[in-house]
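> A structural model of the following input is requested.
(chains A, B and C)
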Amino acid sequence: MIDVILFYVFAAFTLVSALVVAGQRNPTYSAFSLIVTFCSLSAIYGLLGSPFIAALQVIVYAGAIMVLFLFVLMLLNVKEESEAPRKALAGAGGVLVLLFVVQVASALLKADVFHAPPGYEASTVGMAQLLFSSRFLYVFEATSILILSALVGAVVLAKKDL
Amino acid sequence: MSQILLRLSENPLAIVPWLILLLPLAGFTVLCLFGDAMKRDKEENGAGYIACATILGSFALAVFVVTRLFASAGVGPHGEGLRFFQPSLGRPDDALSTGLLWIDAGGFQIPFSLLLDPLSAVMILTITGVGSLIHIYSLGYMSHDPERVRYFSYLNLFSFFMLLLVLGGNLPLLFVGWEGVGLCSYLLIGFWFKKKSASDAGKKAFIVNRIGDAGLILGMALAWHAFGTLDLFELAEIAKNLPYEPVGQAGIATALCLLLFVGACGKSAQIPLHVWLPDAMEGPTPVSALIHAATMVTAGVYLVARLAPLYRLSEGAMLTVAWIGAATAVMAATVALVQTDIKKVLAYSTVSQLGYMFLACGIGAFGVGVFHLFTHAFFKALLFLGSGSVIHAMSGEQDMRKMGGLRSKIPWTFATFTIGTAAIAGVPFLAGLYSKDEILLNAVVRERLPLFAIGLFTAVLTAFYMSRALFMTFFGHFRGDHEAEHHVHESPWSMLFPLVALAIGCFVVGQIHIPEIVHFAVRSPDELHSQHPVWFTPVVIASALVGILGAFYFYIVYTAGPAKVAAAFKPLHRLFEEKWGFDLAYNAFASKVVVAGSTSVLWKVVDARMIDGLVNGSGALAASLGQSTRSLQRGFARAYALVTLGGAVALIGYLLWRP
Amino acid sequence: MTAIPLQHALILSLLLFGIGVLGVFLRRNVITVFMCIELMLNAVNLAFVTFSRALGAFDGQILVFFVMTVAAAEAAVGLAIVIAMQRHRDSLDLDSFNLLKW
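The predicted structure is shown next:
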């Protein structure tokens, strides 16, 4: 029972902090708020029985990626947005998003296929076994090349005389 | 790879045919990779040695494998066991089971298989044997050419493709060799491509050969469609069960044989596709000897002989082959009578002799055709190399009217050239007589008297024009200028050795009775042991003597004679000089019909109006569409995102609310 | 023990995605837009994890793993681009970069 309550609590955290991310004019505040979003999401992953992903979420997103964001924000000394949002764009976008959410939600609420098996736990060992099985091993190794090329790309892009 | 290893455990010899094939390719590869370095370091002579080493290695292996093959298979006249490599290297079922497939496209499966039977054994011995001598000769002949690295790499590549052509176990593989030698021929004819006539001749050879190749491709397609196999051995087996097709009831075999014969005509320079071979003499002389006399041009004869069981089924195809061969033989011989360029004489002589081979095949004596191919390779290579030696001595002069009296100045060349001339004319104890005698004998035995008459007449002409070339070159007085006379010198030993070896060969090869050796491969047991009529051999020898004596009379005794005869038969002389008008007719056709048609219809209407209209119209359409919609692209990334989102909403809406 | 209603988890994912999209249209700063895109990615991750839970199979989580890898690479390159943009235009306003057009 307690985990259901916790789920709703963290869901609320997630939504509120996400709204702050999108609504805040100051990017630095947005970034800190995003950290809250990521951490609460991590908690939700844990509640959904995925401790491995929950750990990764904190390490990769809340840790690595957000540090990178904040680093850039500090480096460039980004100020608060001086101009208001474009009304037409925001208005049209808002309507479309509303339509989108309503449509998908109506479909979701009609669906009735989610009977989660109880006592499910995606253990880290199980994940590792699957990840290093012949099915995903090559993809897994390929991501290392992806990251390497991203690294090189970042270095090249950030050089002074691009 | 696994198949070779597998087979090696059973029979180590199985690797040898592959080695024979791949050695020249290895030579080519090395010359390609290191040729520039050789040129830079002034080590160009090394290229020649590499090329010679690889082809000699191939020759040694060929001798080894053939002697072992013939010994271990217990070859006799019945030769059943001669398909020695067929089961171990070539059978498709073996290849399929071990995965050595070359082409695997749906139901179309072609294994990479080699076929080494007596016919291909004769061919590889000829190619590597004569080829080695010509490689050695090239060492001397090309020793002053700055481009000799390129020359030797082409020569090696040619050897590889030629060996592939005769060793390939199925038609597509043969075709790869076929096209490969065509390519090398083109490259070598145009070897001195800075000379316009040479590059033009290369292009002519290439284009004329394409016409023949179209026939060969169509033939392959038909064979696959009709029989479901392109394996040479299987095609021969299938032919056993097909019905005979007389002229009135032409069927699949006739169509197939005629299509393949179009290919053979192109490659082997038969009417009407013979026009490229005389022009091909623009290449270096050893190339003329190797490609345009001894090996490549005989590929057509090889193809016909290889598919002899199919040809024998079709009366129409056999008649076509025989009469095209006969017509080519006599036509080319008459043209050779009036040529003044020593290499052109030999070129037309080659065309004529190839016609002879086809004549033999056309009357059903395939083994004899291959026999003539074999002997011809020796004496014609000898003659070409001899002419090369003469040209070398004359510092590049090829016109016989400016030669004369060379016999004391270049005695070795003279002696060997004389032997070659005697061999092709049909003097007793020399190679040419034996094969020519068999061809004519088969014509008589099979009661094809018109063909026999044409053959005999051609034999007289052959003896005449070759003796004429001999007398004009080596006898009489020197007719060139003084400086040229002073410069005449005997060739180096690297050139004389091949001449001597081939001259000795002319005495020997006639004794090897090829029809007996290849008769299983061409599946014609009926052409052996025919009885000579009593009058026969004297008549053949007499024909040679008539030709030789005639030439002796006109070019030694009564030297004013030729001009008078030419004046007396002016129209005929003109016809021969104009080469029976083939080139003129083709030129007229090309310039009038093709060019005019292309200009007035294809260019002005089809290209300018229709195709350009289509292209420009679609361009204009795209431009106007772009002009009218370009305002949508404002460069604001978020506007694009908005459109994307709208698309997503619409798509989801459609999926949810669709009826 | 009452199970977490997975439908609600999916609704949460949907709302999170919607907020992310909305943010893209609201904000003008490149970095904030980028953060909103990260929000959308996370919404998708949540959906994956939920489906993985619902189906009792690990594959969804494997996908999340790879999405995270790509997101990390994307953040590195993307932020490098942001630095380059700032350096060349002295601005981070998304709408001032409008050269990608006719």
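> touching, residue C:18 and residue A:101? I think so.
Yes - using Cβ atoms under 8 Å, residue C:18 is in contact with residue A:101, at 4.5 Å. (Each C-beta comes from the backbone N, C-alpha and C, glycine too.)
> the more surrounded of those two?
Taking neighbours as other Cβ atoms under 10 Å in any protein chain shown, residue C:18 and residue A:101 compare with residue C:18 leading, 24 against 19.
> so how far is chain A from the more buried one?
5 Å (Cβ to the nearest Cβ, to the nearest Å).
> where's that residue, which helix or strand?
Using DSSP states H and E, residue C:18 falls within helix C:6-26.
> quick one: name whatever helix or strand follows that helix.
helix C:30-55.
> tell me which helix or strand comes right after that following helix.
Next along from helix C:30-55, by DSSP H and E: helix C:59-89.
> and the angle for that next one with helix C:30-55?
180 degrees (axes from the mean of the first three to the mean of the last three Cα atoms, to 10 degrees).
> of all the helices and strands in chain B, which has the lowest average confidence?
Ranked by mean pLDDT, DSSP states H and E, the weakest helix or strand in chain B is helix B:2-10, scoring a mean of 37.
> returning to what we had before: got the angle between the helix holding residue C:18 and helix C:30-55?
Using the same axes, to 10 degrees: helix C:6-26 against helix C:30-55 is 170 degrees.
> so who does the residue nearest in space to the middle of chain A touch?
Of all residues in chain A, the one closest to the mean position by Cα atoms, centre = their mean is residue A:38, 5.9 Å from it. With contact set as Cβ atoms under 8 Å, 6 or more residues apart in numbering or on different chains, residue A:38 has these partners: A:57-58, A:61-62, A:66, C:42.
> around chain B, pick out the residues from chain A.
A:89, A:92-93, A:96-97, A:99-100, A:103-104, A:106-107 (Cβ under 8 Å from any Cβ of the partner chain).
> now list the buried members of those residues.
Buried subset of these (neighbour count, 16 or more other Cβ atoms under 10 Å in any protein chain shown): A:89, A:92-93, A:96-97, A:99-100, A:103-104.
> and the helix or strand encompassing residue B:20, what's buried?
Here residue B:20 sits within helix B:16-40, counting by DSSP H and E. Under the neighbour-count criterion of 16+ other Cβ under 10 Å, helix B:16-40 has B:16-17, B:20-25, B:27-28, B:30-31, B:34-35, B:38-39 buried.
> do the same with stretch B:217-233
In stretch B:217-233, counting by 16+ other Cβ under 10 Å, buried: B:217-220, B:223-224, B:227, B:229-233.
> farthest-apart pair in those, please.
Set against one another by Cβ to Cβ, the buried residues of stretch B:217-233 have their most distant pair in B:218 and B:233, with a gap of 22.0 Å.
> which SSE is immediately downstream of the longest helix seen in chain B?
Counting residues, the longest helix found in chain B (DSSP state H) is helix B:196-227. Next helix or strand after helix B:196-227 toward the C-terminus (DSSP H and E): helix B:232-240.
> quick check: the closest residue to residue B:278 other than its chain neighbours vs residue B:404, distance?
The shortest distance from residue B:278 to any residue other than its chain neighbours is 4.4 Å, reached at residue B:347 (Cβ to Cβ, 6 or more residues apart in numbering or on different chains). According to Cβ to Cβ, to the nearest Å, residue B:347 and residue B:404 sit 21 Å apart.
> quick one: the helix or strand harbouring the residue nearest to the centre of chain A to helix C:6-26, angle?
Assigned by DSSP H and E, residue A:38 belongs to helix A:27-47. Orientation check (the same axes, to 10 degrees): helix A:27-47 against helix C:6-26 gives 170 degrees.
> what comes up buried for helix A:27-47?
Within helix A:27-47, the residues scored as buried using 16+ other Cβ under 10 Å are A:27-28, A:30-47.
> what element comes up after the lowest-mean-pLDDT helix or strand in chain A heading to the C-terminus?
Of all helical and strand segments in chain A, the minimum by mean pLDDT, DSSP H and E falls on helix A:124-131, at a mean of 84. On the C-terminal side of helix A:124-131, the closest following helix or strand by DSSP H and E is helix A:137-158.
> do you know how far residue C:55 is from residue B:288?
In terms of Cβ to Cβ, residue C:55 sits 77 Å off from residue B:288.
> can you check residue B:610 too?
The value you get for residue B:610 to residue B:288, if Cβ to Cβ is used, is 46 Å.
> those two: which is more packed in?
residue B:288 (28 against 10).
> just give me the longest helix of chain A.
Assignment by DSSP H gives helix A:87-110 as the longest helix of chain A.
> tell me what angle that one forms with helix C:6-26.
Relative orientation of helix A:87-110 versus helix C:6-26 (the same axes, to 10 degrees): 170 degrees.
> so what touches helix A:87-110?
By Cβ under 8 Å, 6+ apart, the list of residues contacting helix A:87-110 reads B:638-639, B:642, B:645-646, B:648-649, B:652-653, B:656, C:7, C:10-11, C:14-15, C:18, C:21-22, C:24-26.
> likewise stretch B:59-68?
Contacts of stretch B:59-68 (Cβ under 8 Å, 6+ apart): B:13, B:16-17, B:19-20, B:23, B:116, B:121, B:124-125, B:128-129, B:131-132.
> can you get me a residue count around the closest residue to residue A:65 other than its chain neighbours?
Nearest in space to residue A:65, with sequence neighbours left out and distances taken as Cβ to Cβ, 6+ apart, is residue C:75 at 4.7 Å. Residues within reach of residue C:75, counting by other Cβ under 10 Å, total 25.
> shaky segments in chain C?
C:1-2, C:100-102 (pLDDT under 70).
> try 90 this time
C:1-8, C:28, C:51-61, C:83-102 (pLDDT under 90).
> can you check chain A too?
Checking chain A against pLDDT under 90 turns up A:1-4, A:24, A:48-52, A:62-63, A:76-89, A:106-139, A:157-162.
> can you list the domains in it?
A:1-81, A:85-115, A:118-162 (automatic domain parsing).
> returning to that earlier point: so who does the residue nearest to residue A:65 touch?
A:65, A:68-69, C:34, C:38.
> cutoff 10 Å now
A:60-61, A:64-69, A:72, A:150, A:154, C:34-35, C:37-38 (Cβ atoms under 10 Å, 6 or more residues apart in numbering or on different chains).
> pick out whichever of those residues sits closest to residue B:602.
The closest of the contacts of residue C:75, once distances to residue B:602 are taken by Cβ to Cβ, is residue A:150, at 54.4 Å.
> that closest one and residue B:386, how far apart?
72 Å.
> of the two, who's got more company?
Neighbour count, other Cβ under 10 Å: between residue A:150 and residue B:386, residue B:386 has more, with 33 against 20.
> wait, that one touches residue B:423, no?
No - between residue B:386 and residue B:423 there is no contact under Cβ atoms under 10 Å: 11.4 Å.
> which residues are in contact with both of these two?
B:502-503.
> residue contacts, residue B:123?
Residue B:123 touches B:62, B:116, B:162-163, B:165-167, B:295, B:298-299, B:301-302, B:305-306, B:370, B:373-374, B:377, B:518, counting by Cβ under 10 Å, 6+ apart.
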